[in-house]
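# Build me a structure from this.
(one chain, ligands or ions: 1)
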Amino acid sequence: MEQQVSPWWKRAVVYQIYPRSYQDSNGDGIGDLQGIIQRLDYLKELGIDAIWLSPVCKSPQDDNGYDISDYQDIDPMFGTLEDMQNLIKEAKKRGIQIIMDLVLNHSSDEHPWFLEAKKGKDNPYHDYYVWKDGSKESPPNDMKACFGGSAWEWMPELNQYYFHQFSVKQPDLNWENPKLRKEIYDMILWWMEQGVGGFRLDVIDQIAKEPDQKITINGPKLHEYIRELSRETFQKGDLITVGEAWGADIERARLYSAPDKSEFSMVFQFEHINLDQQPEKEKWDLKELDFLKLKEILSKWQTELYQTGWNSLFWNNHDLPRIVSRWGNDSKYHDESAKMLATILHGMQGTPYIYQGEEIGMTNVQFPIEEYRDIETVNIYQERLSKGYEKNDIMNSIYVKSRDNARTPMQWDDTKNAGFTTADPWIKVNPNYKEINVKGSLKKKDSIFYYYQKLISLRKEKPIFAEGSYELLLKDHPDIFAYLRKLGNQTICVIANFHGKEIKFSIKDLKLDITNYLIQNYEDQKEGILRPYEAFIAEVKESI
Ligand code: NOJ
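A predicted model of the protein is given here:
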């Protein structure tokens, strides 16, 4: 066995579960904790080390759980605290840690803190939130909420506005208040006592907002707050912690993921994710993916964080469309392109995240508007209609970018509702579940599932995946994504044809000799060409 690198999470692979869409165990059409427990053996077979669980705490579900009304209890929709303790225990038995989603930028407006806060300006909880005096007619400024409309909500009983960066039911917490911070730390310590293995910090770069200056992300006190948070909680355990940061540049990412652990284990940043949206516009304003830019950006993060920080590697999460539909091909080359995308990502340095269903190549959906459940999607549809956009254009953007693409139920088998539930599911199942499902994937030796399983085991067996340096090759090639990883006297190359046409390519032109293929998405090799979406990772020697 080659020497282990530390800390443990540097060789870990995380699997994200969106609980309401994973497995329903009690026939109410909504996934739950018992359902996840039933599927732990499946996840063990895949080989993952940790599950990032999207929020399961008590919540009115205005934003599917990202609006928490009790941080220390489980929403009855998902089960009980005992179910959660069982999940933690059962997962551990299988070598899997549970990562909780911490939503600390805002709470639900039904949280007891907010119910108190709105009783009066003198209430001790009033200052847990962000308020501004004003009059009904004129909000303090023109800041917009992420889900549409003003970021200020008028409270006539107080003659004040409260600030919300997301929906009106998600009032922003005021991190200036030390009592609030202390309550948050106590809550986190309590979860650590329950045995969770880590935390994912929702929109953490927005906690230090200063609405007076119109600052939402990267407020001046951001890292001060995070360091205190980390010192008071995470540093007391051996946890995996990951900060969601849409606004992170390299410098900030180095702070978030500094090797001295003063903040988090790693950063979850999105620079590569916006490359198919028009500059300075919204995600709904589509454009073709800029492939050269994608290579440039992913490579920049590889080289710039090398030995100075730690990155998350992902194509998908519960807020993003399905990658095989987005930058792969979800028809003719479905399997090839899904594997190609996995190859590129899992060959890199960082911690890979697999979003539920990605490992079987689940795809985007196209539903009539009435079938969408996501608050963001529903709001943008109304907003754009009222602004005069064509209905077809709006729907086209929704098909490509809606968060519900990621939220349709997990496709377990080809029976009714894909084996997700015996009731009517809370959101429709993707109609392609008869072709794309876990049962079928497990039966097929060359399925996407087994390809992911192999990629995960390679990362565990070969330290070069977690530790090696990175060098981009063929930077300006319009179709090939190629790079080297090096550790000691070992070198591996990752080669991928990103597009659906055959292209000329010979490894010899790169002055490399292949000594051993580690993984490949076609059965054999063809000298001189790369077939549509062909990808492989191989051990190589430099030839003269
Ligand atoms: C980011 C989460 O990933 C998203 O799903 C949520 O709507 C917002 N934060 C607000 O909590």
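# Quick check, the residue in the stretch 51-200 of the chain closest to the ligand?
residue 66 (3.4 Å; C-beta to the nearest ligand atom). In this view, the C-beta of every residue, glycine as well, is placed from N, C-alpha and C.
# nearest residue to that residue other than its sequence neighbours?
residue 103 (5.3 Å; C-beta to C-beta, 6 or more residues apart in numbering).
# Check residue 160 too.
residue 131 (4.7 Å).
# The one you found and residue 144, how far apart?
Distance of residue 131 to residue 144, computed by C-beta to C-beta, to the nearest Å: 18 Å.
# Does the residue of the stretch 51-200 of the chain closest to the ligand touch residue 169 like I think?
No: with contact taken as C-beta atoms under 8 Å, residue 66 and residue 169 are classed as non-touching, separated by 10.2 Å.
# if I pick residue 457, what's in contact with it?
Shown in contact with residue 457 (C-beta atoms under 8 Å, 6 or more residues apart in numbering): residue 47.
# before we move on, the earlier item: quick check, pLDDT for the residue nearest to residue 160.
Predicted confidence (pLDDT) for residue 131: 98.
# gap between it and residue 123?
11 Å.
# How about residue 84?
To residue 123, residue 84 is 31 Å away according to C-beta to C-beta.
# quick one, what contacts residue 214?
Applying C-beta under 8 Å, 6+ apart, the residues near residue 214 are 141, 143.
# switch to 10 Å and redo it
Residues in contact with residue 214, defined by C-beta atoms under 10 Å, 6 or more residues apart in numbering, are 140, 141, 142, 143, 151.
# and the stretch 201-350 of the chain, which of its residues are near the ligand?
For the stretch 201-350 of the chain, the contact set with the ligand under C-beta under 6 Å from any ligand atom comprises 202, 203, 318, 319.
# what's the most distant pair in those?
Maximum pairwise distance in these, criterion C-beta to C-beta, is 13.3 Å, between 203 and 318.
# Identify the contacts common to those two.
residue 66.
# My guess is residue 185 contacts residue 225. True?
No: Residue 185 is beyond contact range of residue 225, at 11.2 Å (criterion: C-beta atoms under 10 Å).
# Next, residue 145: phi, psi?
For residue 145, the backbone dihedrals (degrees, to the nearest 10) come out as phi -80, psi 150.
# May I have the phi/psi pair for the residue in the stretch 301-450 of the chain that the ligand sits nearest to?
Relative to the ligand, the nearest point of the stretch 301-450 of the chain is residue 319 (4.7 Å; C-beta to the nearest ligand atom). With angles defined as degrees, to the nearest 10, residue 319 sits at phi -100, psi 0.
# Tell me how many other residues surround it.
Neighbours of residue 319 under the rule other C-beta atoms under 10 Å: 20.
# again with residue 286
Counted with other C-beta under 10 Å, residue 286 comes out at 16.
# Quick check: the gap between it and residue 56.
Taking C-beta to C-beta, one finds residue 286 at 33 Å from residue 56.
# Residue 52: what's it in contact with?
14-18, 97-101, 198-200, 240, 242, 268, 312, 317-318, 353-355.
# I'd say residue 336 and residue 522 touch.
Yes: the pair residue 336 / residue 522 is scored as a contact, 7.4 Å apart, by C-beta under 10 Å.
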